[in-house]
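A.B. asks: model this:
(one chain, ligands or ions: 3)
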Amino acid sequence: MRYAMVIDTLKCVGCSDCVVACQTENDVPIGYCRDWITETVDGTYPNIVLELKSERCNHCDNAPCVRCCPTGASHIVDGGIVLVTPNECIGCGACIQSCPYDARYQHPEGYVDKCTFCHHRLEKGQLPACVSVCPTKCMYFGDLDNPNSEVSKLLKNRKWKTLAPEAGTKPNVYYLI
Ligand code: SF4
Ligand code: SF4
Ligand code: SF4
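C.D. replies: Ligands and ions are numbered 1, 2, ... in the order given. Below is the predicted model:
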């Protein structure tokens with residue numbers, strides 16, 4: 001099992017429904033977020049392309065946040081999901097500094113928090129909250145080890161990119177372009 005999220009940048013309208021769903025589902029404190037929308041403008045007038053996309057922790061295979069954690073609070077579980085155990089986290093912030101995607105934040109209660117790929121929902125056979133609410137259905141989630149999964153087929157048939165591949169983190173969130 002190798003979980004991945006695939007997000008179609010051609011279908012994202014930047015509505016932020018995924019952000020609100022995540023905050024509600026995961027009791028994210030007001031003023032913080034586990035996912036966010038980015039807008040990138042490319043090209044020169046009149047040939048300008050606007051790219052909107054939903055970003056979060058990339059659940060990297062080669063995760064610096066896990067390597068640098070002095071207590072083991074940051075760890076990888078089955079399926080490649082990167083999690084933080086709050087009561088093992090001392091709030092040192094090393095993981096926040098090491099993440100090239102700025103995907104973590106310090107929770108007001110002292111520990112570090114970030115996207116969990118909605119691990120608690122996966123255990124119940126549900127999709128991540130953000131994926132389940134997207135009105136344009138631009139987000140997909142599944143197992144890359146299964147060649148017949150929707151995510152595997154999309155990555156086989158469409159052009160895609162990952163964010164900051166030069167960082168060498170081997171992200172598991174893919175963007176269709
Ligand atoms: Fe760690 Fe950042 Fe990669 Fe998430 S995106 S696994 S927090 S390095
Ligand atoms: Fe580990 Fe917590 Fe320190 Fe992050 S803040 S490196 S999770 S102990
Ligand atoms: Fe938030 Fe879950 Fe989506 Fe991660 S997978 S951004 S925790 S709703």
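A.B. asks: quick one, strands of this structure?
C.D. replies: Along the chain, counting by DSSP state E, strands occupy 3-8, 36-44, 47-55, 74-77, 81-84, 105-106, 112-113, 139-143, 160-161, 173-176.
A.B. asks: Same list (those strands) but as JSON lines, adding mean neighbour count.
C.D. replies: Every C-beta, even on glycine, is put in place using the N, C-alpha and C of the backbone. JSON lines is the format used below for these (neighbours: other C-beta atoms under 10 Å):
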{"stretch": "strand 3-8", "mean neighbour count": "23"}
{"stretch": "strand 36-44", "mean neighbour count": "11"}
{"stretch": "strand 47-55", "mean neighbour count": "15"}
{"stretch": "strand 74-77", "mean neighbour count": "17"}
{"stretch": "strand 81-84", "mean neighbour count": "21"}
{"stretch": "strand 105-106", "mean neighbour count": "15"}
{"stretch": "strand 112-113", "mean neighbour count": "22"}
{"stretch": "strand 139-143", "mean neighbour count": "20"}
{"stretch": "strand 160-161", "mean neighbour count": "14"}
{"stretch": "strand 173-176", "mean neighbour count": "22"}
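A.B. asks: distance between stretch 42-56 and the chain's centre?
C.D. replies: Distance of stretch 42-56 from its chain centroid, counting by C-alpha atoms, centre = their mean, to the nearest Å, is 20 Å.
A.B. asks: Stretch 112-129 now?
C.D. replies: That offset, for stretch 112-129, works out to 11 Å (C-alpha atoms, centre = their mean).
A.B. asks: hmm, who's touching it?
C.D. replies: Residues outside stretch 112-129 that contact it (C-beta atoms under 8 Å, 6 or more residues apart in numbering): 3, 5, 18, 21-22, 24-26, 28, 32, 34-35, 56-57, 59, 73-74, 77, 79, 81-84, 86, 89, 91, 93, 95-96, 103-107, 130, 132, 141.
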